[in-house]
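In: sequence? don't have it. structure:
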């Protein structure tokens, strides 16, 4: 069976990470969180005192850093930043870094290398539109603003602890605005992506739905 390239895109809180990891595990594929790469670059830039609006300098951080996102941990230059990059502060910093075309060029090139052989489930915001426009399967996950805010507020990996849903909703709304209006690779569903609304759905149901889509393309033994 030919190994597929599966692209899963969508906004924050839609369930991309959980679904992508589960689908990759079921298929025996590699899971790649492209967003973690931008977060890692933003984290290192801040630690190194690099201004996030200095495109050349931030692109330099991206170009010269070794970023590992294929396993359970996220490392940049050998430093484990798995927990450090899941904070509201890094949410904002990553959104700023992701708007820089030179940074995106560096990371998109790396993402293509990571997935070019297939056998990968890659999640992000521009995987099906920019990174792999010819992906075998493109899925765009979304959910109501209220549900996305509830999920993110109850996720200590992002909030650091219990957080007011209204506060998270405001942060997500701003992140959505930044992602959808950036010049480089704005967030939107690819024309041939399968749209799945995850509102009120159990993760297991969404994973099963994606696996059925995989079966439609290449039947699994």
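Out: In hand now; what should we look at? These numbers were taken from a predicted model, which means no experiment stands behind them.
In: pLDDT on stretch 208-221, on average?
Out: Mean pLDDT, stretch 208-221: 83.
In: residues of it that come out buried?
Out: 209, 210, 213, 214 (16 or more other Cβ atoms under 10 Å). Quick note: C-beta positions are derived from backbone N, CA and C, even for glycine.
In: Pretty sure the first one sits against residue 196.
Out: Yes. Assessed by Cβ atoms under 8 Å, residue 209 is found in contact with residue 196 at 6.1 Å.
In: which residues in this protein form helices?
Out: 16-27, 34-47, 55-64, 88-98, 101-115, 145-153, 156-159, 165-181, 203-217 (DSSP state H).
In: If we go by neighbour counts, what in the first one is buried?
Out: So that's helix 16-27. Counting neighbours by 16+ other Cβ under 10 Å, helix 16-27 gives 16, 17, 18, 19, 20, 21, 22, 23, 24, 27 as buried.
In: do the same with the second one
Out: Within helix 34-47, the residues that count as buried by 16+ other Cβ under 10 Å are 34-46.
In: Now do that helix against helix 88-98, angle only.
Out: 100 degrees (axes from the mean of the first three to the mean of the last three Cα atoms, to 10 degrees).
In: the inter-axis angle of helix 34-47 versus helix 101-115?
Out: 130 degrees.
In: Distance from helix 34-47 to the middle of the chain?
Out: Helix 34-47 has its C-alpha centroid displaced from the chain centroid by 12 Å (Cα atoms, centre = their mean, to the nearest Å).
In: Let me see the residues that make contact with that helix.
Out: With contact meaning Cβ atoms under 8 Å, 6 or more residues apart in numbering, helix 34-47 is reached by 52, 57-58, 61-62, 65, 67, 69, 74-77, 81, 84-86, 90, 93-94, 96-98, 103, 107, 110-111, 122-127, 131.
In: Could you list the low-pLDDT ranges of this protein?
Out: Counting by pLDDT under 70, the chain shows low-confidence ranges at 1, 155-163, 219-221.
In: ok, 80 please
Out: Low-confidence segments of the chain (pLDDT under 80): 1-2, 70-71, 152-168, 218-221.
In: what about residue 3, neighbour count?
Out: Using other Cβ atoms under 10 Å, residue 3 has 15 neighbouring residues.
In: residues contacting it?
Out: 29, 117, 118, 119, 120.
In: Cross those against strands and list the overlap.
Out: Residues from the contacts of residue 3 lying in strands, with DSSP state E as the criterion: residue 120.
In: tell me the two of the contacts of residue 3 that are most distant?
Out: Across the contacts of residue 3, the longest distance by Cβ to Cβ is 10.9 Å; it joins 29 and 117.
In: Compare neighbour counts for these two and give me the winner.
Out: More crowded of residue 29 and residue 117, by other Cβ under 10 Å: residue 29, with 21 against 10.
In: what's across from the most centrally placed residue in the chain in the sheet?
Out: Central residue of the chain (Cα atoms, centre = their mean): residue 124, 2.9 Å from the mean position. Assessed by DSSP bridges, residue 124 has beta-bridge partners residue 9.
In: so it makes contact with residue 6?
Out: No. Assessed by Cβ under 8 Å, residue 124 is found out of contact with residue 6, at 11.9 Å.
In: so what sits against both of these two?
Out: What both residue 124 and residue 6 touch, as defined by Cβ under 8 Å, 6+ apart, is an empty set.
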